[in-house]
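**Q** what follows is a protein structure lacking sequence information:
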């Protein structure tokens, strides 16, 4: 694999230096990103259960509307 050049190399070097100097902050950032991703994923999964609840209820009952 070729070494990154230019801007990519600079960003990689700065990121690695920051990880070495501030490991606790890097871990907290990683935890915040993971929590955000989990929240978004759960929100998208729950959205399917919340689509048209009245239509599902109405279809399940055979009688007239009250």
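**A** Yes, it's here. Just so you know, these numbers come straight off a predicted model, no measurement behind them.
**Q** phi, psi of residue 40?
**A** In terms of degrees, to the nearest 10, the main-chain angles of residue 40 are phi -60, psi -40.
**Q** just give me the neighbour total for it.
**A** Residue 40 has 10 neighbouring residues, counting by other C-beta atoms under 10 Å. From N, CA and C alone the C-beta is placed, and that goes for glycine too.
**Q** could I get the pLDDT score of it?
**A** We note a pLDDT of 95 for residue 40 in this prediction.
**Q** ok, now residue 59?
**A** The predicted structure lists residue 59 with a pLDDT of 71.
**Q** model confidence for residue 63, exactly?
**A** Predicted confidence (pLDDT) at residue 63: the value is 64.
**Q** secondary structure class for residue 31?
**A** Here residue 31 is helix, with the state taken from DSSP: H, G, I helix; E, B strand; the rest coil.
**Q** now do the same contact list for it.
**A** By C-beta atoms under 8 Å, 6 or more residues apart in numbering, the contact set of residue 31 is empty.
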